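> how would this look folded up:
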Amino acid sequence: MLEEFGGRFGFSTELISPVKVRGERVSSSLVRELVEAGEVARACRFLSRPFYVEGPVVKGQGIGSKQTVPTLNLEAKPVSGA
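This next block holds a predicted model:
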């Protein structure tokens, strides 16, 4: 379909091979599944960069501070497509 549109609207397309890491095809779905399963280190290998989350910090219940491990809480945002 893209090739057809390219001919019609004046752009070119190029087919590229899938990216593989350690013989496994890299995809956004795979990375999301790994993060959801808690396999963040493995997801980082597929991303070839650190995985991170960001968002506004919100007040929590202070449980971490009481256990000498201060933490911060990020505001939960709905995930599109979920």
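
> from here on, just use CA atoms for contacts and neighbour counts.
Noted.

> the strands in the protein, which residues?
Ranges of strands in the chain, per DSSP state E, are 20-21, 24-25, 57-58, 73-74.

> out of those, nearest to M1?
Proximity to M1, assessed across the strands of the chain by Cα to Cα, is greatest for strand 24-25 (23.4 Å).

> just how off-centre is the closest one within its chain?
16 Å (Cα atoms, centre = their mean, to the nearest Å).

> next, the distance between the ends of stretch 29-43.
11 Å (Cα to Cα, to the nearest Å).

> contacts for it, please.
By Cα atoms under 8 Å, 6 or more residues apart in numbering, the surrounding residues in contact with stretch 29-43 are 46-47, 51.

> what's the PyMOL line that selects buried ones from those?
The buried residues among the contacts of stretch 29-43 can be selected in PyMOL (16 or more other Cα atoms under 10 Å) with this line:
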select buried, resi 46
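
> go through the contacts of stretch 29-43 and say which is closest to I63.
F51 (25.5 Å).

> I'd like the mean pLDDT over stretch 9-29, please.
For stretch 9-29, mean pLDDT is 92.
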